[in-house]
Structures are given as structure tokens and as C-alpha cells.
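Colleague: Would you be able to build a 3D model of this:
(chains A and B)
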Amino acid sequence: MATSMLPKHLSDNGALVERHWQELNSRRRLYSWLGFAVLMLALSGSLWFANDSNAGKFFDRLPHFFDFVGDLAPRDGLEIFRAMFDLPSPYDDGSFKYNYPEGRLYLTESFYIPEYVHKMLETVNIAIFSTVIGTFFGFIFCFLAARNLMPNPWIRGFVRRLMEILRAFPEVVIAGFFLAILSLGPIPAIAAVSIHTIGALGKLFFEVVENADMKPDEGLRAAGGNWIERVWFGMVPQVLPNFASYFLLRLEINVRASTIIGAVGGGGIGELLRLSIGQGHQAKTLAIVILLFATIFAVDQFSAWLRRRLVGDQAFQLAQ
Amino acid sequence: MTSANRLSPLEMDAIASRHPHLLQGSSNKRLRTILISAGLVVYLIFSWWFFSIGHVLGNANWGIAGTYLADWVSYEVRPELKIARDKTMTIDFQRNSPLGPNPNPSWVELDKETVTRTVEIPASATPSAKPKASSSFSFMAPGSALGSTDAASMQSRSETRTAEVITRAVITLNRSTKIEVADGLVTATHRGETLTMAVDGQDTVTPQGTLPAWATQKRPGEKITLAFGATGWAEVEGDDVSVRNRFFGWANFLFDTNSPFFGKSSAEVLSLITSGERIDPARSNLGLAWNNVLYNAEWQHLDVWTKLLQTVVMAFVGTLFASLVAFPLCFLAARNITPNFLTNQIVKRFFDFLRSVDMFIWALFFTRAFGPGPLAGMSAIFFTDTGTLGKLYSEALENIDDKQREGVKSVGATPLAVQRFGVLPQVLPVFASQALYFWESNTRSATIIGAVGAGGIGLKLWEAMRTNSDWENVAYMVLLILLVVFIFDSISNALRSRLIGQKAH
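Modeller: Sure, this is the predicted structure:
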């Protein structure tokens, strides 16, 4: 069939090439369609399965899709403001819905931190603290995992596998385990987030180290520097900006992660949000959502700005 | 290098004094390092106080941590000997013992004797309180520690009955550890040391001789705890010796204790399946065995697999839809494709909005909208990742090479054709690679949003942990999750390196 479409003026060899090309082309098209069909099959199967095993069915629940907007509408707009800053509400009836001032954390006689701001700070601090811990261990591990600094394949392989396990281990399990041992509070969240961070940052770090310029290292080796000196004077100065950039990137992710871990018992704002949504406290929910949104947005923007200053546009290139 | 080439210390000093700025970092830089380190130390101290880490870690029950960790890969069998006043005993195993309803393990040797005597039975409680035939308290004299817990014992009646009691019990935990109970004496042997304890059948236990290192008693007369390390432990009280014997492995992983295949060796099960008579006339033995495995009450294989599939599906559909929606939008957000500042900004801020209202918040909202289940998680991933992928896609578009577009434009192509032939070939592999990366990482995050009710294995995992007794199930699920993540990681890496070369990993 393809032959009939060949232009007349081609030589025999040209026609051969042309036919071959058309065959390749039609085969490629076939593969594309096959891939597409498989994808669609998987998609429709998945959708059916998800809908089937969901508590509410998609089409039954679709009219209620925007119910949560109704869940969010407070009695008046100022309520959000009052909930966020723990000011007394005119609707206060003694219930948990309007008891905003009770969450105040007094620092002095008259100066207080609103509950949600306090919890938000706690969540952000969990994120920062765990990122610092994760960076510390990731920093140590990355030099042991990098091919150019650790010639011993056993140590390298071991550290890499260790980091893979730390990275893939579900955070919720780590948090749950520490919740069982320690009491409720931020430390299970810190443990979970830090352990994951060690694995994630360690991987990013050792890739940076492997791409580093080895000339300073050669110089140090020639001058008789030991391994620690080679790492500290040859490697660290050139990789530090990239490390700092990845630290900030991870910080963004960890602010989100510590919020979620908080919701499953790790303290902080996540837990309050889950409770507040579950109990239908509109103003409180909206106050927390706005606070959370603003914080995440601010952290993202700040970190993007700082990363651009540290490593330039390279920070935003796609290889991740 | 000869010593003649080497600089003498004097020469080195001379060079150093001529170029001080080369050898000494600027004071500014040094000050910054010191400031950063000092700040870090202050921050760590502050956080130590802020989270009261020392206090929490100090109060933690680390002993229990070891037990929980051991539970991941092992299980306990807990025989419990109840000692009556006349020093006879009854044995009881924990409810839902992994050994089945009437366990008779070879490591517990019992000498039994039949005695006839008058016992008092509480009027109402006895038959329903404990369903087991070996229920202990009908043998108790009135007023004994266990009998007295029952308030109904006041209106009890007397009855003469014949019962089988245990006069001597030997529990062998392993080669070097053994507990023998007979005639009101408990003899524990561990690693060559022997401890004999006298129990009175009521509430006092008295050790004879000094306690070895593995035995502890807080106050005289109170219970003695014997710790045998990984083999288990035992508690000796005046009327009760409870032993925890720990075995390595996952108990009843295939068949639970209610299954007809329970307790059979694999060869027996195999021969039953291939050539045995039908246990259940309605279906073949293979069908029955498979059904028993799927609905194993302790491991809930079918449920775990379904939930895991939900998690995978959530990540897959969520990411796919997100990339499909982000794909057209990113062209509007890229300033070199759509040179309209207002449109760019609106779409970009929309992406930021979707991203910053976190996946977790979306998950909570959609759980309200759709009810708990994978639809909620799927929608949450879809919303968040539309934002993330849209941002990444538009950044990729803004970094493309303009020459190809100009080339296509210069031959008079329509705007759509310019995008199709001038832009798409450059960015499509990157787009696909990004989508694959997020598919893989969403498989991980879908686990955790599941824990707040958005479907998938997260909630199951969380519930298994909440009871603090199903750590082996947690280990099983974690293993499955790690396996799935590993498989997807490999698939996604293989596809991505084919798409954009070795650089992506």
C-alpha cells in the first residue's frame, strides 16, 4: 500500500529509502496508538475501580462537589479575622465553634500569640528543624555515596541503599511508630520528616558531588591531603551553594509534609485543621486555610528568591 | 620533587606577607561563617527547648519500642498458668492465639490429674463470661484473687464436680531457658542460672535466694519479671505465671486458625489441593484454599491488596489528569508563547494557588465532597499537581530554543502549527518525564493523604498502628509499599531515561 504513494520521480534507491521510512513511520504510529489504547484502558479501569471502591459515587456526589464551599462560609467575614487572631466573637455561645480567645498563648500579662499563629510557627519550626537534621546527615552520607570520592563499592552501595530505604519508607509509619513510644506531640513528626529528608537530600547531594569539578580534589591529593581534607577543602566549597539550594527546596516540601503529619497526630496546625473541618467550624477552618496558604506561599517565594540568588537559574532547571 | 624545589619556611612567609588576601579569607567571610554557625547552634538549643526534646525522650518508654520493633518480624505465644490455693493449675492461652483455639504446643509439658471437689459457682456470670472450656475460675476457691473480682459471687451455689487440673507444668522457651511450675514452686532456669520462687496461690511470690540479673522484683511479695531477651519474658505472681514465648516469623500468614488448612504442613496442603477430597462440597479445595488466603482474618490479604491498588490508582489517575489539564494551560502561562502579561499572571497565580493550598487541604475538602475513598485522594492529587506541573511546564516552555519556532513561522505556518512543530518536539519529552516523576512521587504521597481519609492503604496502615498490636501487619504493608514504590521507580526511571537521555534520574 505504501508503494503506491511513492512519488514517481525517485530513483530505485530513493524509493527504497522512502518506503523504509514510511514503514517505520506507520509502525511508529501503530505503537503510539497501541500505547494510547493501553493508557485509556488503564485509565478507564482505574476510574471504574476508584469509583466502585469509594464511599460516595462520583456522579451521585458531583452535585455536592462545592459543598465544602458552604462548609467554609462563616457567619460574617470578620469572623475569619477574629478566629485567626483569637478575638472574642459576638456569636459566642460557649461552644467550641466560637471560643476563639481560649487558645491564646500569653507571653506576658497582656501580649499573647494567637493559637493558630502559634501552631503554624510550630509546624514551620518542625519543618526547619527536621530539614536541618536531614541536611546534617545527608551531608555526611553524600560523600560516602558519591562515586568520585568513595571508591569502595561496598560502602557506596550500602549508603545508597540505606538512603533509598529512608526515602521510600512511608513517613506515616515512622510517625505512627514514634507516636506509640513517645506521647502525642511534635517529636514523632520531626522524626518522620527528618528520616525522609536524610534519604531525599542525600540523593540530591551526592548527585551534586558526582558532577563536581575534580581538579581541586586532585590538587589536594597531590599535596597529600587525607580524605577529610579533600572533602572539606576540595569539595565542600564548590557544592555548598547547590546544597543550600536543595536545603531550601526541601524546606518548602517539609513545611507541607509536617502539616500532613500533624494531621495524623504529630501536633501543629495540621491537627487543628483536620479537627476544625471535621467539626464544621467554618470560621476556624477558613482562618487556618488562609494562614496555611499564606505561609506555604511565603516560604515558597522566599526560598525561590534565595535559591535564585545562590545558584542562579540553574536552581529551576528540570533535572530533579 | 627534590628538596631544592621546595620553598623554605622563610620564603613561604615572605609570599604570605606579600599576598595576605590570598591566604587569609576576608574577615567578612570568616565573620559570616562564625555567625552562621553560632546562629545554628542557638537555633538548635532553642528547638531543643521549644519541642522539649530532652523531656520527651527521657520520659519515653524505650522498652516498649524494642517490643514493638520485635513484633514486626515475630510473634508471641502467651501461655498463662493460673495457680489455685491448693497449688493446682489451669492453663490458658491468649484469645486469638496464633496456635488456634485449643493449643497444645510441644514446648509446654503438662502433668494432669483428675480431682473431684466441691466448688462454688457464681450464680450468673460463669457460662457467658468466658467462652472457653478451660475457663479458669470455676476452680477457684471463693475469695481468691480472681474469684473475688466477680461481684456476683455473693449469690453463688455449691456444686460437686470432677475436673482435670494440672499438677506440674514445664514450659521450655529454648535450650537454655525453662520454667517449671509444681507444688507452689516456680523454678526458672536461664543460661545456667536457676531461680526458685514460692507462690502461695493468692497474691504473694517469694524468691528463694538472690535474684539473678534477668529477674526483677520491685517490692517484696510483688510480681517478679523474668526477662529472657529475644526469647521472651515471664511474669510470676502469687496466683499466676504468664509466659511470653516469642517466635521469629509471621504467624498464620496464609491460613488463619479458622481455616481447614490451618496447622498443616505445606506438603499436606499441597496434597489436599491436588488430590484430597473436597472439604467444602461447593467448591474445589484450591478455590477454598485461595479464598481462605484472601480472607485471612489476621492478614486481610485481599483488603490490603485492594487498598494498595487504590493508592496506585489515585496516583496514576491524579497525575494523568493533572498533566492533561496543565498541558494546555501552561501555554497560556508562558510569556514567550502568549505575550499577554495579564493572561500569564492570571494563569501563573492560579497554578500557585492550586499548589499552595496543599494536597492535604484538598484531600480534607474532597473527603467531605466524595466521602472517604480513592476519589477524594485522586482529586486532591489532581488539583495540587495541576498547579505543580503547570508551573514546571510553563518554565520549560519559557526556556525553549526560539530558533525552531522562528523556522516554522517563517514558512508561513498557522499559530497552531507553530506550536505543534516548533515547540512541542522540544518540550514533550520534558513534560512526559516530569509527569512520570510526579506519578512516582505521588505513589508515595498518596500513602500519607490516605491516612486522613482520602482512600488507599494509608488509613489501613494508620489503623493497624493505632492498636499497637498489629505491627506485623504494618511491616507487611510497608514491605508491599516499598515493593510498589521500587517497581514504579524503576519503570519511571527507565521510561524517563529513554525520553530525555541519561541525564534524568
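
Colleague: ok, now which ones touch the residue nearest the centre of chain A?
Modeller: The residue lying closest to the centre of chain A (C-alpha atoms, centre = their mean) is A:I253, at 3.5 Å. Listed by C-beta atoms under 8 Å, 6 or more residues apart in numbering or on different chains, the contact set of A:I253 reads A:A200. Quick note: C-beta positions are derived from backbone N, CA and C, even for glycine.

Colleague: what helix or strand does the residue of the stretch 401-505 of chain B found nearest chain A sit in?
Modeller: Per C-beta to the nearest C-beta, B:M465 is where the stretch 401-505 of chain B lies closest to chain A, at 3.6 Å. Assessed by DSSP states H and E, B:M465 sits inside helix B:457-466.

Colleague: picking up where we left off before, for the strand or helix carrying the residue nearest to the centre of chain A, the distance to its chain's centre please.
Modeller: Mapping A:I253 onto the secondary structure by DSSP H and E places it in helix A:236-261. Taking C-alpha atoms, centre = their mean, to the nearest Å, one finds the center of helix A:236-261 at 10 Å from the center of the full chain.

Colleague: what comes up buried for it?
Modeller: A:238-239, A:241-261 (16 or more other C-beta atoms under 10 Å in any protein chain shown).

Colleague: Grab the longest helix from chain B for me.
Modeller: helix B:301-333 (DSSP state H).

Colleague: which other helices and strands contact that one?
Modeller: Other helices and strands packing on helix B:301-333, by 3 or more C-beta pairs under 8 Å, 6 or more residues apart in numbering or on different chains; DSSP states H and E, are helix A:12-53, helix B:285-294, helix B:341-356, helix B:374-398, helix B:424-449, helix B:457-466, helix B:471-500.

Colleague: Is chain A within reach of the second one?
Modeller: In this case it means helix B:285-294. No - judged by C-beta under 8 Å from any C-beta of the partner chain, helix B:285-294 and chain A are separated, with a smallest distance of 15.7 Å.

Colleague: tell me how far that helix is from the chain's mean position?
Modeller: Put simply, helix B:285-294 sits 27 Å off its chain's centre (C-alpha atoms, centre = their mean).

Colleague: Can I get that helix as CSV, trimmed to CA atoms?
Modeller: In CSV, the C-alpha atoms belonging to helix B:285-294 read as follows (Å, rounded to 0.1, in the frame of the first residue of the first chain):
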residue,chain,number,x,y,z
ASN,B,285,-10.0,-27.4,47.5
LEU,B,286,-7.9,-25.0,45.5
GLY,B,287,-10.7,-22.5,45.4
LEU,B,288,-11.3,-22.9,49.1
ALA,B,289,-7.6,-22.5,49.9
TRP,B,290,-7.3,-19.4,47.8
ASN,B,291,-10.4,-18.0,49.4
ASN,B,292,-9.0,-18.7,52.8
VAL,B,293,-5.8,-16.9,51.9
LEU,B,294,-7.7,-13.9,50.6
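
Colleague: and that helix with helix B:301-333, angle?
Modeller: 60 degrees (axes from the mean of the first three to the mean of the last three C-alpha atoms, to 10 degrees).

Colleague: Same check on the longest one?
Modeller: Our comparison of helix A:12-53 with helix B:301-333, counting by the same axes, to 10 degrees, yields an angle of 120 degrees.

Colleague: Name the next helix or strand downstream of helix A:12-53, please.
Modeller: Counting by DSSP H and E, what follows helix A:12-53 is helix A:58-61.

Colleague: go on, the fourth one?
Modeller: Following the chain from helix B:374-398 toward its C-terminal end, the next helix or strand by DSSP H and E is helix B:402-410.

Colleague: Show me the shaky parts of the stretch 401-505 of chain B.
Modeller: Per-residue confidence for the stretch 401-505 of chain B (pLDDT under 70) gives these ranges: B:500-505.

Colleague: So which bits of it are right by chain A?
Modeller: B:430, B:433-434, B:437, B:444, B:447-449, B:451-452, B:455, B:458, B:461-462, B:465-466, B:468, B:474, B:478, B:481-482, B:485-486, B:489, B:503-505.

Colleague: So, low pLDDT: which residues of the chain?
Modeller: In the absence of a named chain, chain A is used. The model of chain A has pLDDT under 70 over residues A:1-8, A:68, A:71, A:313-320.

Colleague: not quite, I wanted chain B
Modeller: Using pLDDT under 70, the flagged stretches of chain B are B:1-5, B:22-26, B:117-158, B:500-505.

Colleague: longest single strand anywhere in it?
Modeller: As assigned by DSSP state E, the longest strand anywhere in chain B is strand B:157-174.

Colleague: Next up, the contacts around residue 271.
Modeller: Using chain A. A:E271 touches A:262-263, A:265, counting by C-beta under 8 Å, 6+ apart.

Colleague: Oops, wrong one, chain B.
Modeller: So B:S271 contacts nothing (C-beta under 8 Å, 6+ apart).
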